[in-house]
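A.B. asks: this one's structure only:
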């Protein structure tokens, strides 16, 4: 049992019913808490016309015309007026006026605390206007005839602020009603729950649709706990009272966003407005997400989208009203009204007005036409712990009760710190009253906050009569019951079973779909489903490929027009995807790539091997140059050759197929032969994505021509750095050749000249054929399995002395041999060697993958990433719990 | 803690002058500064003259609470000064740098406007945006505009800074943030103060450094020769002497870059001012400018006694702000350089390690800028706290060793001055302390062994915990903290703990948007916002387990490559419709979506909070929210997640999060190569450091050859060579290690995975390496539910119902949006005009309806008119309230009129209900007959209404409440 001296610490407050009983015979009841006034009015048992309970603020509003001779201006009118009168921006004026109001709460001498002439200038304009504060200021309750003949009760005079006090009638003309009665109050017990979410879960568990309107929750409405509580209420579909301000309306937000985006038209990418365009009925292909919308003509033929983009582009030519008409169309009434209120309907769209209207929507309570939905008009009442005093609900949950309940009085530091004691005293009174509201109360606190035991808010200490207590924990105030009473109830979305078409599907791997599949089956699935958006570099790559084909088969046209003509044509087409700062660099890259392609074509005299043939090109397969020179259905006989292997369920499009030589243009950064090998290595998770293009293409070719071909990767901008520096270049340096070779041949060709060059191995290299003969004798697999034995045999058979250096030399050679002989792929210089049987292995891998894909089409593709997921294009979509490779 | 020790007393007694407290971990720093604060108060110093600054709101709050508690304690002990102290209690000033700076800025925004000489004005209600992703998005938008408009101006002398920065403009944002922290400020045409010198760096130092580190320089040179991505023309420089190359690397050709950075920086500030937008960095910068330039503000904010806690975490600007705030030379800085771990926030420990030098330097600088410093500098007094009240001697010993372990084999550690601590608790812990290492074959094994170790601590009774009173008990899960350098390990460990039934929670920042919950939120927002969004819909389908064959039938591309989803499963399309209606309440939208999946956990809560608060504090649209999540995914943004605590559990934390905390048992994990110490470089494409200044790791090459223009961005050999002189500095990693180890009171275990780092190897050589034994944990500690609070019977209160709500519930909700033809707001305006006319005969001809109204009103002669009269009618347990537009009081009867601006009479029946409420109230109140009229002002039609009975009203009320209980 806790020490009972901590009990009964607070005064007993009168409840609303008691206050009503005490005041019901009065003609007018003044109190400065609006919810109390409303509650008292609601308790009236007989009909009433005119006021009963009212706050000074409400009274001032009602009597403003009488007091000031004119109605009160709205906040926004005041700011507009002062802004116009002083010439200072709208938002600056608003900020200053808010400050005046804060100071006015504490002192009538506001001007004294203004430190610069601008503020004073604004203040002088402001005080002349018919404001609510002004009306309150000018009212004198002791002389005003309003109270004449009325029996007036004043509740809680001690809580009145400076302005409220003007409404108190002269002494003797009213009765003062005390807020407290005899007796003491203490919180009976606290419920202690871990974090905000758990508090929310448990509290909402006590609420049903039936009792929702009887319940209030008092909490820190700006804190995260409020998000948790709202979320739980939504989850349980329990209605709660919610404001609906102009700024909440999504059509208003969308419209303002449209205008705002239009002001930035030239820097906005499609990705940023695609949702907005769609909301207004336009359709654009997500493939073009990376495009700047200023180039919209190039990527959309959707009429509505074009119309919207066109409005955005020429926004300065439209009035706000026009934009509303064209863009919003249906449900435009709200926007029209907003524009009309701001007198912007016929004003041309401009940044200053846009900023002001956005500011106003964001910062003022503007009237709107929308009806508050019924589930936001009734139900649980969420109340701000810092502002509430009287709460007219029978069941009240007080949650948090820690330091977040304390009121920030730092404003006072700059005004008058002496006032703090009085304000704190008032706050303590309000707090005591608040804690006693309702007939059923539940007090809930956190058991842990930021890793520590939370301390009760200081208002508990301040409310204590003798003010000699320290409350370090809630248990110092009352008993605490820890633990929760509700368990999470989950719903589950039941999905209907949709049967896919089961007719046999025709599917073949492309090299990229295969790369995807091997990299991660889930990645394959997404890529199959939606593809990837076009990036600047991928668009550039496509066009450079198109140039290559054109260059091969129409060399004369290229020569006549000059390379620069093509550079400009490509730039015009692709630079839309790059911001201006990168465009000249990209143009340089294009120039360099075309130059290299020219050199490449010349070196292999490809134009001699190619003929102009008929080619049907559709959709994104079109070649811009054949179109440009009006031969759209033509193409090169050796470029862009599609090869299909029905046996292997693969197809590929060769950039150039010259007999049994495949050439592939790479427009990305230069990669060496070792990179090519690394990207085929399934063990290396850091290289991404996995690339099997050379194996893939060579396999298809072999299937087609029944012999092994060769594959050359040509990096079209591989020498761009050297070129820019003016260093001599050779396009050979930008190539990687891939050859298929038998394992033995491969080792024989490369062991000594490449991997074991130099003097140290000279004695062994000189007897190369004997060395290999011994291996043949032993059997290659035996060599690998018994390397030590092999070393001994070699030393013996070659007649070496067996010195340490001999032994080291032979050991290394055997080891190297073993590695090389067992490796499927190896790189030396700019050549990649593929063991002939590795191609077979690859083909069976394709076949196995194909079978798996065909099966998984109807089941699902598992996430099995072979590289770090952070590099995956579909990372934002993959919801699997798979552990990210690292 | 009880009595103050000698050093602590000394601090309390040293009230005036500059004081530096070297307060290592567990030395009772907070306790002492609270005592010192009280002592200052006791010297009759007003609490408004004392300020205690720190970094987080929670610590500031805690500090204030502790001071109040001590004052209260004095009160209860009847301490001499108690009355005075009690009066002080409401004026205790503790706060964070952020809140102080914001306070300064919003109180004097005009000083900022004047300083930057912009055409725009910052206002008092400028918004502080604390979401870094939004801030970066804002910068990138600004920067794109800047480039578009101004780029050409900077293309000169073969340079193009925009092209150089183009690929990664976010590097520029980071440089600007660093410059802000460093107090480098752009004015319209120049750098303010010594800004230019700072951005240039210390070329002499860099030169000396390169000469002194020739080994590294040579190694870098040999790399450069091989690497063709560098602008290093090896052929021309092959025979060049090293010193010539060093000289060449240092030739300064950064003027255009500086000009560019300056102009971007200045324009960015102007843009933020224009948009009334603040970041924490800007706020600090502006506060500094205000204090520097406005003596009046300085006066208002000045203080006599300033104490700064965690001083090692201050940046240069913050220290200068402190000096500007001082009215008297009374600054007490408390901190521990060994715990300076926020380099990534542009903080340097130099403020504390070189306090005296910096003090003089900064005061000189401020005076040179015309600030009248109202005091003379006195020599700072250093007070080291040497008693540690937290850890055992063994733990302290090894913790301090951490400060001297090289990060890699080549690192040479400078000897810092270290105040060694005495373990006061040594005796208590004598037999109950241990430091051990656990090494593992693989990284997965490491996680497993950590869980084993946890179970061992709890289940093996040899590990006793010494309570404060000296008694012993067995270890519990709640005594253990597992600390890791990175979050990934924490997440893995938490998962394994869950699998092994070990109660544990992760406290720290998580990449919430990359969780399944985050991705579902993104998918649904995409799909709700745009039903053709294939990415959104595909994610939803695949997550629900639909096969590819089905998905591809649903998400089919059209010819124009837009997607029109076909045959979307009905439950998905219905859910979309439901969520679409909730667009204005993202919290509702996301909660509803998550609950469909049965998801309600700390991740969903974090996501909902992030999205809701971003939405509530701005005019963001759903598209903006989508982009926020997408960018968070790309940037891997971490957000704080409040863990769900069910019982005493193991705390899993990042080391950064553990600062300031202590645990009986600590297991520090992840001592793996490249992970801890981390080798991640902080050198972006564009970067700024004190010594090197602003530099770019890239260079822009612009050459013409054979009539062709070639431009390219290459790696800069000059920058590479300069940076080679600055090998990776692991000192902050060492301090992190120190922080991790010094959290432990009694037991400490260090673990590594496959490739142990140097840090681990060091301890593995010295300490016993153990293999933890695995104990199985039964689930006996599972959740125990407490009794549910009883909501006892309560008396239903009389509820209030607005007559308009009553009516609108009867109307078709869609039509009711346009309830009276011209909109509710138009109606309000007409009512206001009517009121004015009735009351004051002020006639407003803006509204055509007023003509008809005038005719009606002018027709009443001799009657008493009341306009806009409140009315309450109790019906059963409901008080219906409304406002009567016009009440005309005759001797015999009453007339009630209600103005309507409808363009038709569709809602006449509803209006009859409304006016009947007024009629019943008036009839009973006045005891007279009441006649009711509905005046359709727009239609110029007056309709006499027969009052509906109270029963009808009752029926309507029932209907209203019935509609409330309908499913939402």
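C.D. replies: Here it is on my side, so go on. Quick caveat, the model's predicted, so the values are computed rather than measured.
A.B. asks: give me the beta-bridge partners of residue B:689?
C.D. replies: Going by DSSP bridges, residue B:689 is paired in beta bridges with residue B:693.
A.B. asks: how close does it get to residue B:258?
C.D. replies: Residue B:689 sits at a distance of 15 Å from residue B:258 (criterion: Cβ to Cβ, to the nearest Å). Yep, even glycine has a C-beta here, placed from its N, CA and C like the rest.
A.B. asks: same check, this time on residue B:655
C.D. replies: 37 Å.
A.B. asks: can you count the residues close to residue B:472?
C.D. replies: 10 (other Cβ atoms under 10 Å in any protein chain shown).
A.B. asks: ok, what's across the strand from it?
C.D. replies: residue B:466.
A.B. asks: which of residue B:655 and residue B:258 has more neighbours?
C.D. replies: Between residue B:655 and residue B:258, counted using other Cβ under 10 Å, the more crowded position is residue B:655 (23 against 18).
A.B. asks: what bridges to residue B:652?
C.D. replies: Bridge pairing for residue B:652 - DSSP bridges - gives residue B:482, residue B:506.
A.B. asks: so what's it up against?
C.D. replies: B:481-482, B:484, B:490, B:493-494, B:497, B:504-508 (Cβ atoms under 8 Å, 6 or more residues apart in numbering or on different chains).
A.B. asks: do the same with residue B:489
C.D. replies: B:447, B:669-670 are the contacts of residue B:489 under Cβ under 8 Å, 6+ apart.
A.B. asks: for the host helix or strand of residue A:745, what is the average pLDDT?
C.D. replies: Per DSSP states H and E: residue A:745 is located in helix A:743-750. In this model, helix A:743-750 has an average pLDDT of 83.
A.B. asks: Run the chain-centre distance for it.
C.D. replies: Distance, stretch centre to chain centre, for helix A:743-750: 54 Å (Cα atoms, centre = their mean, to the nearest Å).
A.B. asks: Name the next helix or strand following that helix along the chain.
C.D. replies: With DSSP H and E, the next secondary element past helix A:743-750 is helix A:762-765.
A.B. asks: Would you double-check that residue B:888 falls in a strand?
C.D. replies: Yes: when DSSP: H, G, I helix; E, B strand; the rest coil is applied, residue B:888 is found to be in a strand.
A.B. asks: Leaving out the residues flanking it, which one is nearest to it?
C.D. replies: Ranked by Cβ to Cβ, 6 or more residues apart in numbering or on different chains and with sequence neighbours excluded, the top spatial neighbour of residue B:888 is residue B:895, at 3.9 Å.
A.B. asks: I'd say the one you found and residue B:931 touch.
C.D. replies: Yes: contact status for residue B:895 versus residue B:931: in contact at 5.0 Å, counting by Cβ atoms under 8 Å.
A.B. asks: about what we covered before: for the helix or strand containing the residue nearest to residue B:888, buried residues please.
C.D. replies: Assigned by DSSP H and E, residue B:895 belongs to strand B:893-900. For strand B:893-900, the buried set under the neighbour-count rule, 16 or more other Cβ atoms under 10 Å in any protein chain shown, comprises B:894-900.
A.B. asks: Export the residues you listed to JSON lines and append columns for pLDDT.
C.D. replies: Shown next, in JSON lines, are those (pLDDT from 0 to 100):
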{"residue": "B:894", "pLDDT": "94"}
{"residue": "B:895", "pLDDT": "94"}
{"residue": "B:896", "pLDDT": "95"}
{"residue": "B:897", "pLDDT": "96"}
{"residue": "B:898", "pLDDT": "94"}
{"residue": "B:899", "pLDDT": "94"}
{"residue": "B:900", "pLDDT": "91"}
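A.B. asks: ok, so of the residues you listed, who is nearest chain A?
C.D. replies: Taking Cβ to the nearest Cβ as the measure, chain A lies nearest residue B:894 of the buried residues of strand B:893-900, at 9.0 Å.
A.B. asks: in the sheet, who's paired with that closest one?
C.D. replies: Bridge pairing for residue B:894 - DSSP bridges - gives residue B:889, residue B:930.
A.B. asks: Next to chain A, which bits of the stretch 251-400 of chain B? Give me the list.
C.D. replies: B:274-276, B:296-297, B:300 (Cβ under 8 Å from any Cβ of the partner chain).
A.B. asks: from those residues, which ones fall inside helices?
C.D. replies: B:274, B:296-297, B:300 (DSSP state H).
A.B. asks: Please name the residues that touch the closest residue in space to residue B:583 that isn't next to it in sequence.
C.D. replies: Of all residues not flanking residue B:583 in the chain, residue A:250 sits nearest, at 4.5 Å (Cβ to Cβ, 6+ apart). The contact partners of residue A:250, taken as Cβ under 8 Å, 6+ apart, are B:583-584, B:621-622.
A.B. asks: Just give the number of residues close to the closest residue to residue A:70 other than its chain neighbours.
C.D. replies: In space, and not counting its chain neighbours, residue A:70 is closest to residue A:130: 4.9 Å by Cβ to Cβ, 6+ apart. Residues contacting residue A:130 under the criterion other Cβ under 10 Å number 18.
A.B. asks: Residue A:130 contacts residue A:68, doesn't it?
C.D. replies: Yes: using Cβ under 8 Å, residue A:130 is in contact with residue A:68, at 4.5 Å.
A.B. asks: which bits of the stretch 101-250 of chain A sit near chain B?
C.D. replies: So far as Cβ under 8 Å from any Cβ goes, the stretch 101-250 of chain A lies against chain B at A:115-116, A:118-119, A:191, A:194-198, A:201, A:205-206, A:209-211, A:213-214, A:224, A:227-228, A:230-232, A:234-235, A:237, A:239, A:242, A:244, A:247-250.
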